[in-house]
Structure formats: C-alpha cells, structure tokens
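**Student:** Generate a structure from the sequence data that follows.
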Amino acid sequence: MTAEIEDRAVVPVPQGTRNPMSAVYVRPLHRTADDSAQKPYAMFDITPYSRTIGAEISGVDLSKPIGPELQAELHRCLLEWKVIFFRDQSLDSHAHRDMAQLWGTPEIHPFIPKADIPEVVRLARGPADIPVENVWHSDASFEQTPPMGSILKAVSVPTTGGDTLWSDMAVAYDGLSDEVKARIDGKVAVHDFMQTFGRRLPPDVKAQKALEYPPQEHPVVRIHPETGQKLIYVNKIFTTHIVDIPKDESDELLKILMHEATHPEYQCRFHWKPGSVAFWDNRATQHYACGDYFPDPRVMERVTILGDKPF
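**Tutor:** Next up, the predicted model:
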C-alpha cells in the first residue's frame, strides 16, 4: 500500500490544473522568478516554513553588529523567502532601529503609538484595545512610497494564540487565471488611509492628515524592483477601487484579488515567543495577525523601512 501511495504522489500534475473542489490551481509553486536553485547560505542555517515563503534563521545574534557580508546574505534570504524569522533575540529599541537602518530609512509612522523612540511603534492589545490587525494587508500602502519592509519583535505574547501569517503575493499572482490577468493588466488602484486609521481620528486631525497623505494610485500588479516578480498589490484595508472601470467590475476584481491571499498553499504561519523577530518584504507579501488571543495581552514592537514608488 505504501508503494502504491508513493507512486501516485510522484505523478506529475499539468501546470494550471484546477481541482474542481477547490478555488486553487494545482501547480508547481515557484519561490523565485526563474525558479533556479539558490546557492547555500554561508553565514547561517535556515529552516523553511513552506515551499515558497518563510524561513527561520539560526546562528545569528541580532544584538551584535551586522557586517556587510552578513547583511548581504540576510538580504538575499529575505528576497528569496520573503519573510525571515529569528528566535531568542535581545533587541532594545535602539538596536531594533539600527538593524532596520541597514536596509534603509526607518519610517516615523503617522498614526500608530510609539515605543521608546519615534522610529519604533508599539502594537499593544488587550482587554481595553481589541486586535485590529486580523485582516490581510501590506503595511502603509496608502503612502506614495510604501515601505519596503518591516521588522517586528515580540515583547509580550499570550499563552495561546496570536500567531501571524504571511502570504506570498508572487505565487498568488501566478495562480490567477489568464482571463483575470488580462483584465487587470496595466490597471491602477487607489489606496487610502481613511477607511482604517481615518475612522479613529477627530475631524480636525483627519482633515490635516488627509492633506499630508492624500489617496495614492498604485499598480494593481506591481513589479518587485529587485527580483522582477509580478505581485498582486491590492489589500483589504487600504485599497478602495480600481481606476477607470465601473464600480461593479472594480468590486468584483478586488474581491477576486484580495481572496488570493487567503489560500493556505501561499502562506506560512509563525508562532511567537518572547524574543522572536520577523522581518518581511512588504512589497512581496501580505500578512494577518490572528486575533484569537483576546482578551489576553499581546505586545509587539515594529520598525518599518521606507521604500520606493511601486511600478
């Protein structure tokens, strides 16, 4: 029986074959643009979390200086796996910010409360502040130049629950039908903070922030500036509509595209422990923080790294 099962398991499946019971194409999942074999990492070991997204790194102490060679290899790992994880780290706010500075300029977030220094935001949830991050999104896509990445550390975690999931927006694009790809080709969509952060602001503050952060148009399918991969770049909390098409068609397409992030085949899941750190490529992923720990407390701190304008 075992041999028969193994024989069936290796039967090749044609590219793009659809399981009639599922919304997902059964197909090979390609981690990189050309699916080439990647050379081993010389300065650390990794444990992959899925076929295309998520890898835990061992052998790196983030509290110590990160030299150019290590930084370059970590960056290659980030591009290849899209989110990388570290355990048992000891990062104060300054070390957290300094790590982020190796990849770019840390953002001073316009809405989220700060920790010890302006570059570090604190995401504290508990009985008096319910989780609001349990929706698929990419950080700050409402900005003209959305972040290239985010580095999140666990300060206090609940006894159970509170995991974060990431979804690979490159394989999500690959999984779209040719018909949908044709319909979204060249389209742009509007991203706006008003339907999320704007809901909590007093009218005068909201009006001022609207001047500072007007709605932005970004490609529905962006090109990753370093890997060349095509990526779905719309998300539920910031994207309002696709430009220059009827509302019903925009709503239909956005529903299809936003649903792609929800397929487990495209995801990895991370269970937080004190001292855990996650660093993700915000251009290539969406993430979802499970709100299943309420009303227990969960405290995280994050530094977001400025990016460039999507194209």
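**Student:** element containing residue 165?
**Tutor:** Assigned by DSSP states H and E, residue 165 belongs to strand 164-168.
**Student:** Tell me which strands that strand pairs with, and in which orientation.
**Tutor:** Here strand 164-168 is paired, per DSSP bridges, with strand 267-270 (antiparallel), strand 285-289 (antiparallel).
**Student:** Report the rounded mean pLDDT for that strand.
**Tutor:** Averaging pLDDT along strand 164-168 gives 98.
**Student:** I'd like the next helix or strand past that strand.
**Tutor:** Next along from strand 164-168, by DSSP H and E: helix 169-174.
**Student:** helices or strands up against the next helix or strand after that next one?
**Tutor:** As assigned by DSSP H and E, the chain's next helix or strand after helix 169-174 is helix 178-184. For helix 178-184, the packing partners by 3 or more CB pairs under 8 Å, 6 or more residues apart in numbering; DSSP states H and E come out as helix 247-259. Quick note: C-beta positions are derived from backbone N, CA and C, even for glycine.
**Student:** which of the strands paired with strand 164-168 sits most buried?
**Tutor:** strand 285-289 (a mean of 25; mean count of other CB atoms under 10 Å).
**Student:** picking that back up, can you list the strands paired with strand 164-168 in CSV and add distance to residue 102 and mean pLDDT?
**Tutor:** Shown next, in CSV, are these (distance: least, CB to CB, whole Å; pLDDT from 0 to 100):
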stretch, distance to residue 102, mean pLDDT
strand 267-270, 22, 98
strand 285-289, 20, 98
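**Student:** Minimum distance to residue 179: which of these has it?
**Tutor:** strand 285-289 (22.7 Å; CB to CB).
**Student:** just to revisit the earlier point, contact partners of the strand holding residue 165?
**Tutor:** For strand 164-168, the external contacting residues (CB atoms under 8 Å, 6 or more residues apart in numbering) are 52-54, 82-83, 136, 152, 260-263, 266-270, 272, 278, 280, 284-290.
**Student:** hang on, the earlier thing: how about the strands paired with strand 164-168 in TSV, adding distance to residue 199?
**Tutor:** Listed next are these as TSV, based on distance: least, CB to CB, whole Å:
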stretch	distance to residue 199
strand 267-270	28
strand 285-289	18
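**Student:** and residue 118, which of the ones you listed is closest to it?
**Tutor:** strand 285-289 (22.6 Å).
**Student:** Which SSE is immediately downstream of the closest one?
**Tutor:** Reading on from strand 285-289 to the C-terminus, the next helix or strand found by DSSP H and E is strand 298-305.
**Student:** Mind checking the strands paired with strand 164-168 for the one nearest to residue 111?
**Tutor:** Among the strands paired with strand 164-168, the nearest to residue 111 by CB to CB is strand 285-289 (16.4 Å).
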